[in-house]
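K.L.:
Got a sequence here, can you build the structure:
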Amino acid sequence: MKDCQKILEIKNLSVSVNNKVIIENLNLNINKGEIHAIMGKNGSGKSTLAKVISGHPLYHINEGEIFFKNINITNEEPDIRAHRGIFLAFQYPVEVPGVSNIDFLRSAYNSQMQKLKKETVDPLAFFELVNEEMKNIQIESKFLNRSLNEGFSGGEKKKNEILQMLLLKKDLCILDEIDSGLDVDALKDIANNINKFHNENNAILFITHYQKLIDYIKPTHVHIMDKGNIKISGNKNLALEIDKYGYEKIV
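P.N.:
Numbers count the residues shown, from 1 in each chain. Here you go, the predicted model:
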């Protein structure tokens with residue numbers, strides 16, 4: 001695989017928080033067109049990895065490097081990483097009282113357009129744009145005028161994260177347990193939109209505990225994390241083994 005196809009490369013990464021090592025000597029490569037799933041028991045370091053890739057300031061990198069599209073981003077700020085093309089859908093989206101959902105979404109969209117030196121959009125044009133995307137994930141337009149995530153159900157918060165993903169169209173989308181809190185129908189809708197969004201020029205890394213999302217999205221690679229490292233990798237059949245035998249017998 002040529003370097004131009006490589007989106008993410010993590011080399012010998014070790015990470016700590018509050019002087020406790022959470023990730024140790026982790027390596028991971030993701031190329032264009034790939035979908036990677038990370039599974040593992042609670043506390044194995046899955047969500048920490050997602051946050052470290054996106055640049056969360058509370059996590060300290062002790063050793064190793066992170067490359068995004070062949071650029072070393074190990075010490076870059078989160079906003080710089082986002083502008084380079086990294087998106088993180090949070091496991092627990094934050095409520096922001098006083099900031100309307102549509103204002104937040106338009107600010108994020110126009111900030112990206114400015115970085116790409118493209119035209120920004122006015123409120124009316126953005127309303128039309130966002131409404132088209134909302135139809136796909138079945139969010140009612142009334143949610144646009146509510147404060148960001150405030151009073152949203154767990155499923156509505158997750159749909160709002162996917163809406164951001166569809167609008168911003170980043171090169172690497174990291175989805176941290178995007179399936180938690182969703183009923184069967186909502187899970188199918190979100191999985192369908194993830195599949196439609198994915199193409200040969202982007203990549204998706206998603207974290208999940210559940211076989212159902214694996215069935216819907218069909219990742220090209222599945223990784224099992226344990227004690228801060230990727231212990232075993234394979235294809236989607238690895239997830240079937242986990243579902244059948246559990247982590248203890250596989251890792």
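
K.L.:
where along the stretch 151-251 of the chain do the strands fall?
P.N.:
Secondary structure of the stretch 151-251 of the chain (DSSP state E, counting those that start in this stretch): strands at 172-176, 203-207, 221-226, 229-234.

K.L.:
now these in a markdown table, with distance to Glu63, mean pLDDT and mean neighbour count?
P.N.:
The way it works is simple: take the backbone N, C-alpha and C, and place the C-beta from them, glycine included. Converted to a markdown table, these look like this (distance: least, Cβ to Cβ, whole Å; pLDDT from 0 to 100; neighbours: other Cβ atoms under 10 Å):
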| stretch | distance to Glu63 | mean pLDDT | mean neighbour count |
| --- | --- | --- | --- |
| strand 172-176 | 21 | 97 | 25 |
| strand 203-207 | 21 | 97 | 25 |
| strand 221-226 | 18 | 96 | 22 |
| strand 229-234 | 13 | 95 | 16 |
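
K.L.:
Quick one, which of these gets closest to Lys69.
P.N.:
Nearest of those to Lys69, taken as Cβ to Cβ: strand 172-176 at 8.6 Å.

K.L.:
That closest one vs strand 203-207, what angle?
P.N.:
In terms of direction (axes from the mean of the first three to the mean of the last three Cα atoms, to 10 degrees), strand 172-176 departs from strand 203-207 by 10 degrees.

K.L.:
same for strand 172-176, what does it pack against?
P.N.:
For strand 172-176, the elements it packs on are helix 46-54, strand 86-89, helix 154-168, strand 203-207, judged by 3 or more Cβ pairs under 8 Å, 6 or more residues apart in numbering; DSSP states H and E.

K.L.:
tell me the contacts of Ile23?
P.N.:
13-15, 45, 48-49, 52, 228-229 (Cβ atoms under 8 Å, 6 or more residues apart in numbering).

K.L.:
Apply 10 Å and report the result again.
P.N.:
10, 13-17, 44-46, 48-49, 52, 59, 61-62, 64, 225, 227-230 (Cβ atoms under 10 Å, 6 or more residues apart in numbering).

K.L.:
Quickly note the distance from it to Asp171.
P.N.:
Distance, Ile23 to Asp171, by Cβ to Cβ, to the nearest Å: 23 Å.

K.L.:
same question, Asn18
P.N.:
Taken as Cβ to Cβ, the span from Asn18 to Asp171 is 32 Å.

K.L.:
which of these two has more neighbours?
P.N.:
Between Asn18 and Asp171, counted using other Cβ atoms under 10 Å, Asp171 has the larger neighbour count: 16 against 8.

K.L.:
Kindly export stretch 224-240 (C-alpha atoms) in PDB.
P.N.:
The C-alpha trace of stretch 224-240 is given here as PDB (Å, rounded to 0.1, in the frame of the first residue of the first chain):
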ATOM      1  CA  ILE A 224      -9.300  -6.500  20.200                       C
ATOM      2  CA  MET A 225      -7.900  -4.300  22.800                       C
ATOM      3  CA  ASP A 226      -6.800  -5.500  26.300                       C
ATOM      4  CA  LYS A 227      -4.800  -3.700  28.900                       C
ATOM      5  CA  GLY A 228      -4.000  -0.800  26.700                       C
ATOM      6  CA  ASN A 229      -2.800  -2.600  23.600                       C
ATOM      7  CA  ILE A 230      -4.200  -4.300  20.500                       C
ATOM      8  CA  LYS A 231      -3.800  -8.000  21.300                       C
ATOM      9  CA  ILE A 232      -5.300  -9.500  18.200                       C
ATOM     10  CA  SER A 233      -6.500  -8.300  14.800                       C
ATOM     11  CA  GLY A 234      -8.500 -10.000  12.100                       C
ATOM     12  CA  ASN A 235     -11.600  -9.500   9.900                       C
ATOM     13  CA  LYS A 236     -15.300  -9.400  10.900                       C
ATOM     14  CA  ASN A 237     -15.200 -13.100  11.700                       C
ATOM     15  CA  LEU A 238     -13.100 -12.200  14.800                       C
ATOM     16  CA  ALA A 239     -16.100 -10.400  16.200                       C
ATOM     17  CA  LEU A 240     -18.200 -13.500  15.700                       C
END
